[in-house]
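Colleague: pasting the structure only:
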Ligand SMILES: O=C(O)CCC(=O)C(=O)O
């Protein structure tokens, strides 16, 4: 498919979900809204998970770490865009956000045995420059098993109902700003979302979540994809952001629609990615200020 057709504001009908199998049941949707997460859910079949992992690891061997901490690799790697657009994932996401879906971002979260990387308790949307009251979620797709030993993600059920203050913090934290919630977290309430390769969890943008370091001999490779309905508005006064339309129609035009790469590491796609992630770094800096202002106006 050409870059032009992908940036149109409608996703072609062959990508739509008429006969899809992975929609959530009403009780799963109710549970998601009540608890803020669902796991484990089927996403990729094991063969696709295996071949995608192979491509990720081949890419790492040839090119080293992914640029910009692994942000938005689907913009220059068509085989990661295939994951972002995978019907098994989008069907479940559609059950929660509705038929018109943007992928706002994606990111690898890779922990090697003993590398010390962990993720402190945080809420995602706090620093994203998006309306925090919106229905924004992450599909976290396991390309290897995610276990207690290798640093599976943990959540606090029901913690997704309001935004809390964050501070910037700890070393070895895999988050872009090392941020963490500035409130006590009741660790005994944590649920560990164990996943097999090809399975995913869904978590709400305000969910308290984090993960511990990898104490096993196995890598943990996860790919986190941020989805939202096309109606979501960026916060006022920030640079214009971009997102990829992955299902349905964009009737709003709140974001520039991102093109598909013409091929692996296509130079135009790499340049687009470079600009998009640089712009996001700026948005992120300004969003932190807005977060601090919002929290101080509430206190
Ligand atoms: O991969 C992890 O351990 C944490 C992921 C995360 O914080 C996220 O998806 O927002």
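Modeller: That came in fine, so what should we check first? These figures come from a predicted structure and were not determined experimentally. Numbering: from 1, shown residues only.
Colleague: Surely residue 263 and residue 78 touch.
Modeller: Yes: between residue 263 and residue 78 a contact is recorded at 6.7 Å, counting by Cβ atoms under 8 Å. C-beta: built from backbone N, CA, C; applies to glycine.
Colleague: okay, those two: which has more neighbours?
Modeller: Taking other Cβ atoms under 10 Å, residue 263 and residue 78 do not tie; residue 78 has more neighbours (17 against 12).
Colleague: Checking the residue nearest to the more buried one when sequence neighbours are not counted next. Helix, strand or coil?
Modeller: Counting by Cβ to Cβ, 6 or more residues apart in numbering, residue 78 lies nearest to residue 261, which is 5.4 Å off, once chain neighbours are set aside. Three-state call for residue 261 (DSSP: H, G, I helix; E, B strand; the rest coil): coil.
Colleague: Residue 201 now?
Modeller: Following three-state DSSP, the label given to residue 201 is strand.
Colleague: what does the stretch 101-250 of the chain put close to the ligand?
Modeller: For the stretch 101-250 of the chain, the residues in contact with the ligand (Cβ under 6 Å from any ligand atom) are 109, 119, 124, 138, 140, 153, 209, 211, 222, 224.
Colleague: Out of these, which sit inside helices?
Modeller: Judged by DSSP state H, these include no members of helices.
Colleague: With neighbour count and pLDDT added, can I get the residues you listed in CSV?
Modeller: Formatted as CSV, these follow (neighbours: other Cβ atoms under 10 Å; pLDDT from 0 to 100):
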residue, neighbour count, pLDDT
109, 20, 96
119, 22, 94
124, 22, 93
138, 26, 98
140, 26, 98
153, 28, 98
209, 27, 96
211, 25, 96
222, 22, 97
224, 19, 98
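Colleague: Looking at those residues, spot the one nearest residue 40.
Modeller: Nearest to residue 40 among these is residue 140, at 10.3 Å by Cβ to Cβ.
Colleague: What is the nearest of the residues of the stretch 101-250 of the chain next to the ligand to residue 96?
Modeller: Among these, residue 138 lies closest to residue 96 (Cβ to Cβ), at 11.3 Å.
Colleague: so who does that closest one touch?
Modeller: The contact partners of residue 138, taken as Cβ atoms under 8 Å, 6 or more residues apart in numbering, are 124, 202-203, 205, 224-227.
Colleague: where exactly do the strands run in the stretch 101-250 of the chain?
Modeller: 101-111, 119-122, 137-142, 153-155, 166-168, 179-181, 191-192, 199-204, 209-211, 220-229, 242-247 (DSSP state E, counting those that start in this stretch).
Colleague: Of all the residues in the fifth one, which ones are buried?
Modeller: It refers to strand 166-168. For strand 166-168, the neighbour count (16 or more other Cβ atoms under 10 Å) marks residue 166 as buried.
Colleague: That one pairs with which strands?
Modeller: According to DSSP bridges, strand 166-168 has the following sheet partners: strand 179-181 (antiparallel).
Colleague: roughly how far out does the strand it pairs with sit from the chain middle?
Modeller: Mean-position distance between strand 179-181 and its chain equals 17 Å (Cα atoms, centre = their mean, to the nearest Å).
Colleague: List the buried residues of that strand.
Modeller: Under the neighbour-count criterion of 16+ other Cβ under 10 Å, strand 179-181 has 179-181 buried.
Colleague: Same check on stretch 227-243?
Modeller: In stretch 227-243, counting by 16+ other Cβ under 10 Å, buried: 227-232, 234-235, 238, 241-243.
Colleague: pLDDT weak spots in the stretch 101-250 of the chain?
Modeller: For the stretch 101-250 of the chain, applying pLDDT under 70 flags the ranges 170-172.
Colleague: residues touching the closest residue to the ligand within the stretch 51-200 of the chain, list them.
Modeller: Residue nearest to the ligand within the stretch 51-200 of the chain: residue 109 (3.2 Å; Cβ to the nearest ligand atom). When contacts are counted by Cβ under 8 Å, 6+ apart, residue 109 touches 70, 119, 140, 174, 211, 220-224.
Colleague: ok, so of the contacts of residue 138, who is nearest the ligand?
Modeller: Taking the contacts of residue 138 together and measuring to the ligand by Cβ to the nearest ligand atom, the closest member is residue 224, at 3.5 Å.
Colleague: so how far is residue 239 from that closest one?
Modeller: Distance of residue 224 to residue 239, computed by Cβ to Cβ, to the nearest Å: 23 Å.
Colleague: Residue 252 too?
Modeller: 18 Å.
Colleague: before we move on, what about residue 32?
Modeller: Using Cβ to Cβ, one gets 32 Å for the distance from residue 32 to residue 239.
Colleague: any residue of the longest helix anywhere in the chain up close to the ligand?
Modeller: Secondary structure of the chain read by DSSP H shows that its longest helix is helix 267-298. No: if you take Cβ under 6 Å from any ligand atom as the test, helix 267-298 misses the ligand, and the best it gets is 13.6 Å.
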